[in-house]
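Student: Mind folding the following:
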Amino acid sequence: NIQTDNNLKLYEFWYEHSFVDGAVKLLAGLHDYNSTFYSLESAGLFTTSSFGIGPDAAQVGPSIFSTTSTAIHLTLSGEHQYLLLATYDGVAGDPDHPRGTHIKFKKTDGLFNAIEWGIQYENSYKLAVGAWQHTAEVENPVDGSISDSNSGFYLIGERYLTENLAIFLQYGGADSDKNQLEKYIGAGVTLSNAWVDEDVIGLAYASAQNGSPFLQMNADLLSRENILELSYLRPVTSAVSVQASLYTIDNPSMAPDIDSALALGLRAYIEF
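Tutor: Purely as a prediction, here's the structure:
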């Protein structure tokens, strides 16, 4: 998710208070929904945005990069279980004025409500199920009408087979009558310390599928787009790492007149 407008803005600004020895946490302020919801640690290696958050949820424009909205966020946690509950302003920022930081509350913005329950054992496995509801008055991409009731759900999980080998799975769905994308599935595997300490190599697959109602209105489009990403991250020094990625994209943008593509990516990370 590096593609955005050239801008300078306040991204997150929130306060969190803990109760009952940290078992209850209440947060308020500008907050990134994806920093707690719909997130898997083992999928963090990959740079395809769907492995960060499924496009089934991202397509409605929740409070994620590059513009966040105000939120009330509650975390309830036990020894191995947790429950996340949050309500966000339904429209992040001010779409009419994308530059800078804007906090606006309009009746038509509605709310973005989210819930996630999960079981998590550190360095072993995580399994979570979540759902969202969007009440902003927005144009329905299927038929062009104004809609103020939208919803979806997701299931995510990861398993560490060994100390260094992990697999993950994502599955998400959205209301096919209110969204372009009806289903998403992602899966991958990562291996750390493959050749040197703290390096990571991984292979992952993502597939987003258009809903039947959207395809009926857009008969010239294909049903799905598929992406395969091979990525390798290697530390150079204690502060600098480089990452090389190879992507194959099948049916880019679901457009039949665009050939499948092969892309290369290179990133450098500097940690302070």
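Student: so how far is the longest helix along the chain from its chain's centroid?
Tutor: Ranked by residue count under DSSP state H, the longest helix found in the chain is helix 212-217. Per CA atoms, centre = their mean, to the nearest Å, the displacement of helix 212-217 from the mean C-alpha position of its chain is 24 Å.
Student: now do stretch 184-194
Tutor: 16 Å.
Student: next one: stretch 241-256
Tutor: Relative to the chain's own centre, stretch 241-256 is displaced by 17 Å; criterion: CA atoms, centre = their mean.
Student: Pull out the buried positions in the longest helix of the chain.
Tutor: By 16 or more other CB atoms under 10 Å, the buried positions in helix 212-217 come out as Pro213, Phe214, Leu215. Where C-beta positions appear, they are placed from N, C-alpha and C, glycine not excepted.
Student: Can you show me the CA trace of it as PDB?
Tutor: Extracted in PDB, the C-alpha atoms of helix 212-217 (Å, rounded to 0.1, in the frame of the first residue of the first chain):
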ATOM      1  CA  SER A 212     -22.000 -12.000  -9.800                       C
ATOM      2  CA  PRO A 213     -24.200  -8.900  -9.700                       C
ATOM      3  CA  PHE A 214     -21.200  -6.700 -10.500                       C
ATOM      4  CA  LEU A 215     -20.300  -9.000 -13.400                       C
ATOM      5  CA  GLN A 216     -23.800  -8.900 -14.800                       C
ATOM      6  CA  MET A 217     -23.500  -5.100 -15.000                       C
END
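Student: Counting by contacts, list what it packs against.
Tutor: The helices and strands touching helix 212-217, judged by 3 or more CB pairs under 8 Å, 6 or more residues apart in numbering; DSSP states H and E, number zero.
Student: taking the mean pLDDT, what do you get for it?
Tutor: Mean pLDDT, helix 212-217: 96.
Student: C-terminal to it, what's the next element?
Tutor: Beyond helix 212-217 in the direction of the C-terminus, DSSP states H and E gives the next helix or strand as strand 224-235.
Student: after that following strand comes which helix or strand?
Tutor: strand 240-250.
Student: how about Leu10, what does it touch?
Tutor: The neighbourhood of Leu10, defined by CB atoms under 8 Å, 6 or more residues apart in numbering, consists of Leu30, Thr101.
Student: does it count as helix, strand or coil?
Tutor: Following DSSP: H, G, I helix; E, B strand; the rest coil, we place Leu10 in the coil state.
Student: just use 37 as the starting number from now, easier for me
Tutor: Sure thing, new numbering starts at 37, so read that last one as Leu46.
Student: What's the separation between it and Ser105?
Tutor: Going from Leu46 to Ser105 by CB to CB, to the nearest Å gives 12 Å.
Student: what residues do those two have in common as contacts?
Tutor: Common neighbours of Leu46 and Ser105 (CB under 8 Å, 6+ apart) are Leu66.
Student: What separation do you get for the closest residue to Leu44 other than its chain neighbours and Tyr47?
Tutor: Leaving aside its sequence neighbours, Leu44 sits nearest to Gly136 (CB to CB, 6 or more residues apart in numbering; 7.5 Å). Distance, Gly136 to Tyr47, by CB to CB: 12 Å.
Student: same question, Asp179
Tutor: Taking CB to CB, one finds Asp179 at 34 Å from Tyr47.
Student: Report the rounded mean pLDDT for stretch 175-192.
Tutor: Stretch 175-192 comes out at a mean pLDDT of 94.
Student: So which bits of it are buried?
Tutor: For stretch 175-192, by 16+ other CB under 10 Å, it's Asn176, Pro177, Val178, Ser183, Asn186, Ser187, Gly188, Phe189, Tyr190, Ile192.
Student: First-to-last residue distance for that stretch?
Tutor: 29 Å (CA to CA, to the nearest Å).
Student: and which of the buried residues of helix 248-253 is nearest to Phe82?
Tutor: Compare each of the buried residues of helix 248-253 with Phe82 using CB to CB and the shortest gap goes to Phe250, at 26.4 Å.
Student: from memory that closest one sits against Gly180, does it?
Tutor: No. Counting by CB atoms under 8 Å, Phe250 does not reach Gly180; the two are 11.4 Å apart.
Student: Count residues in the vicinity of the residue nearest to Leu44, would you?
Tutor: 11 (other CB atoms under 10 Å).
Student: Spell out the secondary structure type for it.
Tutor: coil.
Student: Noted, bye for now.
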